[in-house]
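1. here are the coordinates; sequence isn't available:
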C-alpha cells in the first residue's frame with residue numbers, strides 16, 4: 001500500500017510514485033485455508049517490479065481441475081479507512097551489523113512510529129500499552145516504547161540479535177491487555193556469514 005505522499009521522499013519526476021494509488025484486494029466467498037506470501041526477487045535495476053504478493057492455499061490445487069477465486073479490488077489513496085487500528089507511519093533501521101561482536105551474532109536496531117486508531121486516548125495512560133515483538137530466529141535483546149507527542153502516537157525501538165549467516169522475520173504490534181491496538185509491522189533482515197565477527201586490528 002502506498003502511504004507516503006511526499007514527493008520529496010521519491011524525487012522521481014517520471015514515475016511519480018507519490019501519486020500512485022494503492023490497491024486493496026478483498027476475497028469474496030470461501031477460499032479455504034492458506035496464507036499470503038511476500039516474494040522479494042533480487043534485482044540490480046529499479047525498472048523491474050521485484051516485490052510481489054500471492055495467495056498460497058494450504059492444500060495444493062488438484063492438477064487438471066478448475067478452481068475459482070472471487071475478489072474485489074479497490075483503488076485507494078489513503079489507508080486510514082481500511083481498518084480501525086493504529087498504523088505504522090514510518091520506520092528506520094541501523095546498519096546490518098552494529099558494534100561488531102565476537103560471539104558470532106549480528107545486532108540491529110529497528111525504530112517504528114505508530115499513530116492513529118486509539119493511541120491518542122492512551123497518551124495519559126502509557127502503562128496500559130504493551131509492545132509485542134517476535135522474531136523467527138535469533139532474539140530480541142531490548143524493547144523501548146515511548147509516546148510520540150507530535151504524532152499523537154507511539155515510537156517503538158527494538159534491538160535484535162541474529163546468529164551469523166542466518167535471516168529472520170521481525171514482527172511488531174501494540175496491544176492493551178487482550179485488545180489489539182495497531183496493525184502488525186513486519187521486516188526481514190539477515191547477517192551474511194562472517195559479517196558479524198570483529199576483525200583483529202592490522203599490525
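-> Yep, that arrived. From a predicted model like this one, the values you see are computed outputs, not experimental measurements. Numbers count the residues shown, from 1 in each chain.

2. is residue 27 in a bridge, and if so with what?
-> Beta-bridge pairing for residue 27 (DSSP bridges): residue 71.

3. Can you report how many residues neighbour the residue nearest to residue 29 when sequence neighbours are not counted?
-> Nearest residue to residue 29, sequence neighbours excluded (CB to CB, 6 or more residues apart in numbering): residue 70, at 5.2 Å. Where C-beta positions appear, they are placed from N, C-alpha and C, glycine not excepted. Applying other CB atoms under 10 Å, we find 10 residues neighbouring residue 70.

4. May I have the residues that are in contact with residue 70?
-> Counting by CB atoms under 8 Å, 6 or more residues apart in numbering, residue 70 touches 27, 28, 29.

5. Tell me the most packed of these, by neighbour count.
-> Counting neighbours by other CB under 10 Å, residue 27 comes out on top of those with 12 neighbours.

6. contacting residues for that one?
-> Residue 27 sits next to 69, 70, 71 when contact means CB under 8 Å, 6+ apart.

7. And for residue 85?
-> 116, 117, 180, 181, 182, 183.

8. quick one: the last one and residue 83 touch, right?
-> Looking back up the chat, that one is residue 183. Yes: with contacts counted by CB atoms under 8 Å, residue 183 reaches residue 83, the gap being 6.8 Å.

9. and those two? which has more neighbours close in?
-> For residue 183 versus residue 83, the count of surrounding residues by other CB under 10 Å is larger for residue 183: 19 against 12.

10. Can you lay out the contacts of residue 27 as a markdown table showing distance to residue 126?
-> Converted to a markdown table, the contacts of residue 27 look like this (distance: CB to CB, whole Å):
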| residue | distance to residue 126 |
| --- | --- |
| 69 | 44 |
| 70 | 44 |
| 71 | 40 |
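
11. out of the contacts of residue 85, which one sits closest to residue 172?
-> Residue 172 lies nearest to residue 182 out of those, by CB to CB, at 8.4 Å.

12. Next, find the distance separating the closest one from residue 155.
-> Remark: distance between residue 182 and residue 155 (CB to CB, to the nearest Å) = 12 Å.

13. Which of the two has more residues huddled nearby?
-> residue 182 (27 against 18).

14. my guess is the more buried one contacts residue 176, does it?
-> No: counting by CB under 8 Å, residue 182 stays clear of residue 176, with 10.2 Å between them.

15. How much space separates the residue nearest to residue 29 from residue 27?
-> In this view, residue 70 and residue 27 are 7 Å apart by CB to CB.

16. Below-threshold pLDDT in the protein: ranges please.
-> Applying pLDDT under 70 to the chain flags the ranges 95-104, 195-203.

17. 50 instead, please
-> 97-102, 197-203 (pLDDT under 50).

18. Taking the centroid of it, which residue is nearest it?
-> Nearest residue to the geometric centre of the chain (CA atoms, centre = their mean): residue 186, 2.6 Å.

19. residues touching that one, list them.
-> Contact analysis of residue 186 by CB under 8 Å, 6+ apart lists 169, 170, 171, 172.

20. which other helices and strands contact the host helix or strand of the second one?
-> Take DSSP states H and E as the rule and residue 170 turns out to sit in strand 167-176. Applying 3 or more CB pairs under 8 Å, 6 or more residues apart in numbering; DSSP states H and E, one finds that strand 167-176 contacts strand 105-115, strand 130-135, strand 153-163, strand 185-190.

21. Perfect, I'm done here.
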